[in-house]
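A.B. asks: I'd like to go over a predicted model; first the sequence, then the structure.
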Amino acid sequence: MGRYRIIRTTTVKFDNYVDVLLVVTRKEKGFFASLFSSGETQFILSKESPLAKEVQNRASDVLLEIDESLFKPSTLNYKTYLVELKIDQYEAAKNHRVELEKKEREAKAKKEREEKEAADKKRKAEEEEDRLLEALKNAKVQKVPFSSLQMVVDDNDDFSTQMAAIAGNVNLSYATGNKQGLQNNLIELYNRVHGYNSHKLKTIKGSDGQTVGLAFIKMALFFNNGDFQVNEIAAQNAFYCIVKNFKEKKNTYALPALFSLLLKKPRALEDELYRANPDPSLVGLGGLTPSAPYVRRDRAMSNRLPIMIFLLQKFYDKEQKKFLIDTTLPYHIPSANEVANFLNDYNKSEYASKANSISIGEEYLNDMYEDIEGQLDL
């Protein structure tokens, strides 16, 4: 233990320590010893150490008792310093404290930002409510037919969102009996993905597949301008969108509409149905015989049966003869009589005796989906 007079203290960077305390002292000696030596002793302290806090609370030129056994000599740039033995421990504690204080400041700042944002949001909501109330107070009431309501198509939205908006207008016009609105929106929907733009249909999001697919179903079933190719393209588009919705979102609500399409307008998908399971007898010269078109048609109509039984079991319990979905939904759900008539035809087919008929139908469905998707690139 020695008595040291503090000459000065300062904050320095020492070796690997960025912010430590340098204490320059002169050791107090007896009268005769002081005649021979008056050198300075330099201590390196962590600001977290008890001794450092004691030094910082004292003025210069005061005496301080220091236990030299708590220090080790360290030479830097040809100078010798006495460094605290526990400096690493103290510095680690300091860094931990600094990190905690930083996190507390950040948490406080975040809380203040969130409170400010919440207050701003509340204020804006209140202002918007006041403006709305003022507008309603001064508004002139006018009756508007529900059938004339239409969704606004924003050209700044992505293509899928635009198509969903147009398709929504198709479905709304159909539900409200707005024939002119139905026709106008069907034509716009069709033209957006017709010809060289057919590849854009592939960008339809799975979540929009039901809305867009149901709109194209209406075109395939009810639109008639004398060109059946329009109905065929609409049927392909409807099939692609609804199956995409089913595959990506596991949504079965639009599947009854596909069932109805294959029930009422199967020839609109005749080529795709045939290619799902072609007749081997028509390969080569067999395809040139006069009866070939009729064979192809019969094969296509037969191929639709396992697809329809696959679709049917998703929304109808044929054992209990009841629908598994709400039949009041405007999703082109077949009637109970239509289901009964289909089952009667299906039970007479070759597929009725096959245990794997449903899996065959799923395979044909996927083949048709891939077939149509390939055509969209042409």
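C.D. replies: Alright, I've got the coordinates. Numbering: from 1, shown residues only.

A.B. asks: Low-confidence ranges, the stretch 1-150 of the chain, go.
C.D. replies: Along the stretch 1-150 of the chain, the model assigns pLDDT under 70 to residues 30-38, 59-60, 135-150.

A.B. asks: Kindly recompute the last result at 50.
C.D. replies: 31-37, 141-148 (pLDDT under 50).

A.B. asks: can you map out the helices along it?
C.D. replies: Ranges of helices in the stretch 1-150 of the chain, per DSSP state H, counting those that start in this stretch, are 50-56, 87-138.

A.B. asks: Is it possible to get TSV of those helices that adds distance to residue 72 and mean neighbour count?
C.D. replies: Where C-beta positions appear, they are placed from N, C-alpha and C, glycine not excepted. Converted to TSV, those look like this (distance: least, CB to CB, whole Å; neighbours: other CB atoms under 10 Å):
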stretch	distance to residue 72	mean neighbour count
helix 50-56	14	16
helix 87-138	9	11
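
A.B. asks: Can you lay out those as CSV showing distance to residue 161?
C.D. replies: Below are the helices of the stretch 1-150 of the chain laid out as CSV (distance: least, CB to CB, whole Å):
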stretch, distance to residue 161
helix 50-56, 64
helix 87-138, 24
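
A.B. asks: List the contacts of residue 170.
C.D. replies: Counting by CB atoms under 8 Å, 6 or more residues apart in numbering, residue 170 touches 182, 185, 186, 189, 215, 218, 219.

A.B. asks: Over to residue 193?
C.D. replies: Going by CB under 8 Å, 6+ apart, residue 193 touches 163, 200, 201, 237.

A.B. asks: before we move on, the earlier item: out of the contacts of residue 170, who has the most neighbours?
C.D. replies: When neighbours are counted by other CB atoms under 10 Å, residue 215 leads the contacts of residue 170 with 29 neighbours.

A.B. asks: wouldn't that one be in contact with residue 188 here?
C.D. replies: No: Residue 215 is not in contact with residue 188 according to CB atoms under 8 Å; the separation is 10.4 Å.

A.B. asks: what's the overlap in contacts for those two?
C.D. replies: By CB under 8 Å, 6+ apart, the residues touching both residue 215 and residue 188 are residue 166.

A.B. asks: Give the helix, strand or coil label for residue 293.
C.D. replies: Classification of residue 293 using DSSP: H, G, I helix; E, B strand; the rest coil returns helix.

A.B. asks: how close does it sit to residue 131?
C.D. replies: 66 Å (CB to CB, to the nearest Å).

A.B. asks: do the same with residue 368
C.D. replies: On the measure of CB to CB, residue 368 and residue 131 end up 53 Å apart.

A.B. asks: And residue 315, by the same measure?
C.D. replies: Residue 315 is 46 Å from residue 131, by CB to CB.

A.B. asks: With residue 189 instead?
C.D. replies: With distances taken as CB to CB, residue 189 is found 36 Å from residue 131.

A.B. asks: What of residue 41?
C.D. replies: Residue 41 is 76 Å from residue 131, by CB to CB.

A.B. asks: And for residue 83?
C.D. replies: From residue 83 to residue 131 the distance is 69 Å (CB to CB).

A.B. asks: can you check residue 16 too?
C.D. replies: 62 Å.
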